[in-house]
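K.L.:
Have a look at this fold, sequence not included:
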């Protein structure tokens, strides 16, 4: 009969079929650079509001995309702050 206990996997063993980058030694991400790039994108989208626009549709799209990216970044900040509680 199968055991109901959960078996823990060691964090050091990564199957190279699942993640090929583990084969050559690097396995990770760039969280600070990703957040910086996200806030830079929000800033760049809002700067694009300055210019010669024919109608307001372009402005709505720029502001909408900036809000969507900023919302995702705020959710990421919240996730990082509460990750240790789970």
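P.N.:
Noted; the coordinates are in hand. Remember, predicted model here, so these are calculated numbers, not experimental data.
K.L.:
where's residue 52 relative to residue 64, distance?
P.N.:
For residue 52, the distance to residue 64 equals 20 Å [CB to CB, to the nearest Å]. Yep, even glycine has a C-beta here, placed from its N, CA and C like the rest.
K.L.:
Ok, residue 45 next?
P.N.:
Counting by CB to CB - residue 45 and residue 64 are separated by 9 Å.
K.L.:
Likewise for residue 56?
P.N.:
12 Å.
K.L.:
same thing with residue 50?
P.N.:
Residue 50 is 17 Å from residue 64, where distance means CB to CB.
K.L.:
try residue 71
P.N.:
11 Å.
K.L.:
what does residue 58 give?
P.N.:
Counting by CB to CB, the gap from residue 58 to residue 64 is 11 Å.
K.L.:
again with residue 31
P.N.:
Applying CB to CB, the value for residue 31 to residue 64 is 26 Å.
K.L.:
Under the pLDDT cut-off, which ranges of the chain? List them.
P.N.:
Low-confidence segments of the chain (pLDDT under 70): 1-17, 19-28, 85-86.
K.L.:
As a check, name the ranges of all helices in it.
P.N.:
31-47, 57-82 (DSSP state H).
K.L.:
With mean neighbour count added, can I get those helices in CSV?
P.N.:
As requested, the helices of the chain are exported to CSV (neighbours: other CB atoms under 10 Å):
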stretch, mean neighbour count
helix 31-47, 13
helix 57-82, 13
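K.L.:
closest one to residue 18 among the ones you listed?
P.N.:
helix 31-47 (20.7 Å; CB to CB).
K.L.:
Contacts for that closest one, please.
P.N.:
For helix 31-47, contacts defined as CB atoms under 8 Å, 6 or more residues apart in numbering pick out 62, 63, 65, 66, 69, 70, 72, 73, 76.
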